[in-house]
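1. model this:
(one chain, ligands or ions: 1)
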Amino acid sequence: MATYYCGPCRLSLGYAPALPSGALLQTNSQQAKHAKHTLVERSERLQSIFSDPSTATIRVEVENALSSGAMEVNERGRINFLTWSGQGVGHRYEWGTRIEGQELTKVVLSSNAGQRHQFTEAIARLGSQRCHVCGAELFRSST
Ligand SMILES: [Zn+2]
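-> All right, here's what the predicted structure looks like:
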């Protein structure tokens, strides 16, 4: 089970990751992840695809996630950050077919500047998570 924290609580706990400096995509790994999350491939079982592949657009969501977004500590102890980006920021594809809309941007491997990358995620797949500290509901979908 992953544990979640709201933006204010994780900041007060001292989790304030560095924002990207320089280009958003700096390594071959990041270029490959960007391609995987912007280009639909029929040979991929599952993909989360950004609707707008522009790194300038995606960067705004990455910075929002890192600076004020919710934090997820997953079952392996990895720390990820999530921000509400709006309905249709991305879509889930399975074998090249669009399955559902997504609302969140998720930034993973945030502590490693060369490995950090991002993709879209659906609130419905997270379930209705609450902050581990204050109990606030994360990602109210009442927009
Ligand atoms: Zn909280």
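2. okay, the residue nearest the centre of the chain: pLDDT?
-> Nearest to the centroid of the C-alpha atoms of the chain, with distances taken as CA atoms, centre = their mean, sits Lys106, at 0.6 Å. Lys106 carries a pLDDT value of 97.
3. Just the buried residues of the longest helix that the chain contains, please?
-> Longest helix in the chain by number of residues (criterion: DSSP state H): helix 55-68. By neighbour count, and taking 16 or more other CB atoms under 10 Å as the criterion, the buried residues in helix 55-68 are Thr55, Ile58, Arg59, Glu61, Val62, Glu63, Asn64, Ala65, Leu66. Where you see a C-beta, it was placed from the backbone N, CA and C, and this is true even at glycine.
4. Can you verify my assumption that the fourth one contacts Thr105?
-> Yep, that's Glu61 we're talking about. Yes. Judged on CB atoms under 8 Å, Glu61 makes contact with Thr105 at a distance of 3.9 Å.
5. shared neighbours, these two?
-> Between them, Glu61 and Thr105 share the neighbouring residues Thr83, Ser85, Val89, Gln118, with contact defined by CB atoms under 8 Å, 6 or more residues apart in numbering.
6. Quick one: the residues you listed as JSON lines, columns for secondary structure, distance to Gly127 and neighbour count too.
-> What follows is the shared contacts of Glu61 and Thr105, written out as JSON lines (DSSP: H, G, I helix; E, B strand; the rest coil; distance: CB to CB, whole Å; neighbours: other CB atoms under 10 Å):
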{"residue": "Thr83", "secondary structure": "strand", "distance to Gly127": "17", "neighbour count": "25"}
{"residue": "Ser85", "secondary structure": "coil", "distance to Gly127": "18", "neighbour count": "25"}
{"residue": "Val89", "secondary structure": "coil", "distance to Gly127": "19", "neighbour count": "22"}
{"residue": "Gln118", "secondary structure": "strand", "distance to Gly127": "21", "neighbour count": "29"}
